[in-house]
Each structure stands twice: as C-alpha cells, then as structure tokens.
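fold the following, please.
(chains A and B)
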Amino acid sequence: MIQLFHVTKRFGANTALDDVNLQIRKGEFVYITGPSGAGKTTLLRLMFGAQKCSEGQILINSINLNRIRRLNLDLLRRRIGFVFQDFKLLNSKTVSQNVALAMEVAGERPAIIRKKSHQILRAVGLVEKEQAYPLQLSAGEQQRVAIARAVVNDPLILLADEPTGNLDPDITREIMILFRSINLRGTTVVIATHSKELLKDTEDLVVFLKMGKILR
Amino acid sequence: MFSSKWAKSFGKKRMTRLRSGTYHFRHALRNIFSNSLIHAVSMGTITISVLLIGAFMLFYVNVSSWVVQWGQSLSMSVYLVDDIDEVTKGGIEAVLKELPHATIQDFVSKEKAMMEMRDALGVQAGLLDGLTVNPFPASFEIMFDSKGRDETAPQKLKERLEEIEGIAEVQYSEQWVERFEGVIDMLKLAGLIIGGLLCIAVLFIVTNTIKLTIYSRQDEIEIMKIVGATDGFVKMPYLMEGGLQGLVGGCIALLILFSLYLLFSLRTEGILGLPVMNIVFLKGAHVGLILILSLFLGLTGSFIALGRFFRS
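Numbering: from 1, shown residues only, chains lettered A, B, ... in the order given. Down below sits the predicted model:
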C-alpha cells in the first residue's frame, strides 16, 4: 500500500529525512512518533504528495509519487484523507458544508452529497450540529468534523498529523476510537504523534523517528 | 483531461458541464457579493473605461460616415473680394449660372456669413464683438448634381474661376473631405492609443481585484487542494468572476452610452454651417465587439491573477 525506498528530504542544508525505508500494508494502523523536528510531519507530507522527496522513491498503491502528473495527484488525494492538528476547517461554512466540500470537488451529485454528509456526521456523532459553524463547536467536535471530511470519500489511506495534539485526554480517547473504527472498515491509518500516552500498550506498528532516521 | 485509468482507480466522478457550470457560477456570484465593495469599484472602473472607448467609437463611426456621405456630393464655395461692385457680382453670378449641371444654392453676404458664424459659436459668439471689420467674405454656394459630380474636374474649375475678376478664392467640398480624412486618421490613432491605455488600466484593476478575492479565500483554496480539487476546479469561479465583472461593466457602459445617444439624437446637429449630420448609434457588430472586449479584459485579468497566485 505505502512503500518508501531510501527516501531523503532536504530543505536547503537541513536534512529532514535521511534514507528512510518503510512499508505499510493495506489496512494497517501505524503510529509515527519521535521528538519535535524528527521529521514526522515531513514524512506524512511526502506520503500525501504535498512535497517531493530529494532522493528515493515513494509508492502509493504501486503509483510512484515522483512521476505522478499533477492532475492525477489531485485525483489520488481524493482517496487519501488528511487530518491536521489545527483541524483546517472553514469557519464561514457550516459543519455540513465543510464535509460537503470534499465531495463537491470530487464531482459528486448534490443529492448524494446531502445524504453522505448526513451519514458521516451521524457516524462521528455530530448529526445534531450539521448547521452549526466550527467556532460554535468544542475542539474535540471540530476534530471530528475534520475527520468526517477526511473519510467521507472512503479513502484508501488516512493520514493524521498530531490529531489529538490540542485535545484533552477524554476527547483524545474518543477521537482514537473513531480512528480505530475507520481502520476496521479497511482504511489504512497513519498517525504522527509525539504523545507517549497514545502509544502505551499498543500492539500496532510504531515507527520511531529521530533526526530524520528510523530508529525502529 | 482525466485519464480513464485514474478515473477508474480512484473513483473519479465527472460533473456534467451544466452542473459544473452552475456550481462555479454560484460560487462566483457568492464571491462577488461577499466582497461587494471591491467588486463595485472594479466594475465602476470597467464601466467608465468601456464607456470612454464606446463613446470614442460612436464619435468615430458618426464622423467617418458623415465624411463619406459628404464626399459623395460636390459643392463649391466661391468667395468674393470685399469691395466688389454690383456689376462685377452680377457678371460672376451669370458665369456661375452657366456652369453645366450646377445650381446656385445660396448667396451668403458678408453680414449673413457673420451671423452664421455667431449662430455656430453660440455662447462663444462674444468673441466676435471685438472685431472692428467684418472679415468674412461674401460667397456663392454652388451644388453640382450627380452627373456634374462625375464629369466636373473640381481643381481645374477652381483654377479657372479664380482667374475671374472679383473672385477671391474657390473652395470645393473634396478639399474639406481630404482635410477631414487627415483629422480622422489622427483621431483613429489617438483613439487606439487611449483605448489601449484604458484596456491596460482595466486589466490592472481586474487583476488586483481578483487577486484580493483569491487572497481572502486562500484558506479555502488550500483546503480544496487538500481534499483533491484540480487546479481547473479551483480557478473556474475566479475566471467566471472576472468575466462577469467585465461583462456587467460593459453592459452598464453600453446602457449609459445608449441613454446619452438618445439624449443627443433628439436634435440634429449642424456644425459651422456645414451639412446637417444625423447621429446614429453603434451597429450590432460594434456593440458585440465592446461586449467581447469587456469579457476578454475581465477574463484576462482573472487569468493573470490566478497565474501569479498559483506560481507563488
């Protein structure tokens, strides 16, 4: 599903990732962890195709991100959900409209958009807040809207960059349950986090990054 | 174009053109209304610029057709010397009456010439009050019929008439037409230069308006790209926005121009005693050209703004 071969990413003189090799199988639940500046976000951005690696190759479903055409990358992104620490919601749009945006860009019909956004908001427990605006929601609710938007197009992969970084422990637990349920539907989930609490007693694959290198 | 392999692999759903057009048009209208002030200023500038271009075009079209019509007839003004006696004047009148295919339309005395000039100058007629001597010569106005226009060599006739005692000068309409054609060529050149500068100004304003709209929606564009929007999908509402600005600005300018035309065409205009001119409005092709130019300017402004944004 996701394969990285000798991936190096440099920003000027700084090396953010250094000869990273990684294979993530379809349907796996993976944590990427490490201290701040270890390269976690860079790794996720490379998997998302937001940046190109300086050396090496990244394959998503056997598609080489180094050689992908821009238009096809846009299409690929419709099947890769991305969740951010700061949610990246549009405050001028309602919860429902924020979720609908992902389907609108995919060319979905209005009737289907209405139906699917209702379904996904029910799944994340926000159906009664469909017409609310993000600033009227708690941080946990905002993150659930962001997750709903990321998964509404049934992504093959869900990438999350510090998704619980701004949340208290109870809400964090709720969000992690949500990620787990998404993973159970067959979506590969990759979460970048520096939270030791999340990794405690986990049986999932944990990738530890330090100074741009995989330690284990 | 989306590759079919990719469309199949990643479940690409094609929007029908109508649905896609409606979606983007709705977004363009929403953008315009949510930044109404800046769009109003931009549309106002487009309106003024297109109005100036249209007004110039109207003036040019009318003057050109007037000169063409005028050039199709042949008339002569035979100016007499100031101290002419009645016998000499009578002799000249007899010679002019004998000219083939010509009729004397009018005799304009020095006093009448002065009065006509006063009428033509209107409120500026006071300028003539300072004159101690009437400088305007008396003249016979001669008109040739269509056969006379074809058979007469006006320059030779002019030279022959100017040899007659009592005639100071002879001028014929073709001379005026030639002079006017020179002026019209100059006007055309000036119009092209001014029109070009106005177009550049409109482009600059539309580009900056759309740029401001794009920057105010930077977050939305970023999120749209994250969820897989193509560049075309992101750009389309802004292109429509620019096109709409241009088209609406052009339509308003044409409406104002037509209103002004109705106002002025209620009366026919005579200029310095020359043949009366009927003002006509722009032809359909000219109106279409102005609308296409407005649309083009709006679209090009958006295109430049989007290019700069996506490059940065």
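
domains in chain B, by residue range?
Following automatic domain parsing, one finds the domains of chain B at B:16-69+B:179-311, B:75-151.

which elements pack onto the helix or strand hosting B:Tyr79?
Under the criterion of DSSP states H and E, B:Tyr79 resides in strand B:75-80. Under the contact criterion of 3 or more CB pairs under 8 Å, 6 or more residues apart in numbering or on different chains; DSSP states H and E, strand B:75-80 touches helix B:86-97, strand B:139-144, helix B:154-162, strand B:167-172. For every residue, glycine as well, the C-beta is placed using N, CA and C.

and the domains of chain B as JSON lines, adding mean pLDDT?
As requested, the domains of chain B are arranged in JSON lines below (pLDDT from 0 to 100):
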{"stretch": "domain B:16-69+B:179-311", "mean pLDDT": "84"}
{"stretch": "domain B:75-151", "mean pLDDT": "84"}
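
what's the most buried one of those domains?
Most buried of the domains of chain B, by mean neighbour count (mean count of other CB atoms under 10 Å in any protein chain shown): domain B:16-69+B:179-311, with a mean of 17.

as CSV, the helices and strands packed on strand B:75-80 with distance to A:His118 would be great.
Listed next are the helices and strands packed on strand B:75-80 as CSV, based on distance: least, CB to CB, whole Å:
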stretch, distance to A:His118
helix B:86-97, 96
strand B:139-144, 85
helix B:154-162, 87
strand B:167-172, 86
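
of the domains of chain B, which approaches A:Pro35 most closely?
Closest to A:Pro35 of those is domain B:16-69+B:179-311 (CB to CB; 26.0 Å).

quick check: the gap between the residue lying closest to B:Asp231 once chain neighbours are set aside and chain A.
For B:Asp231, ignoring the flanking residues on the chain, the nearest one in space by CB to CB, 6 or more residues apart in numbering or on different chains is B:Phe310 at 6.6 Å. According to CB to the nearest CB, to the nearest Å, B:Phe310 and chain A sit 11 Å apart.

in a helix, that's where B:Phe310 is, yeah?
Yes - the assignment for B:Phe310 (DSSP: H, G, I helix; E, B strand; the rest coil) places it in a helix.

surely B:Leu299 meets B:Gly242?
Yes - counting by CB atoms under 8 Å, B:Leu299 touches B:Gly242, with 5.5 Å between them.

rebuild the helices and strands packed on strand B:75-80 as JSON lines, extending it with distance to chain A.
Listed next are these as JSON lines, based on distance: least, CB to the nearest CB, whole Å:
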{"stretch": "helix B:86-97", "distance to chain A": "82"}
{"stretch": "strand B:139-144", "distance to chain A": "72"}
{"stretch": "helix B:154-162", "distance to chain A": "70"}
{"stretch": "strand B:167-172", "distance to chain A": "70"}
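
and the strand holding B:Tyr79 with helix B:86-97, angle?
160 degrees (axes from the mean of the first three to the mean of the last three CA atoms, to 10 degrees).

now what about strand B:75-80, what contacts it?
B:89, B:92, B:96, B:102, B:105, B:137-144, B:154, B:157-158, B:161, B:166-173 (CB atoms under 8 Å, 6 or more residues apart in numbering or on different chains).

which residues touch stretch A:105-122?
For stretch A:105-122, the external contacting residues (CB under 8 Å, 6+ apart) are A:78, A:95-96, A:99-100, A:103-104, A:127, A:129-130, A:145, A:148, A:151-153, B:11-15, B:19-20, B:224, B:227-230, B:233.
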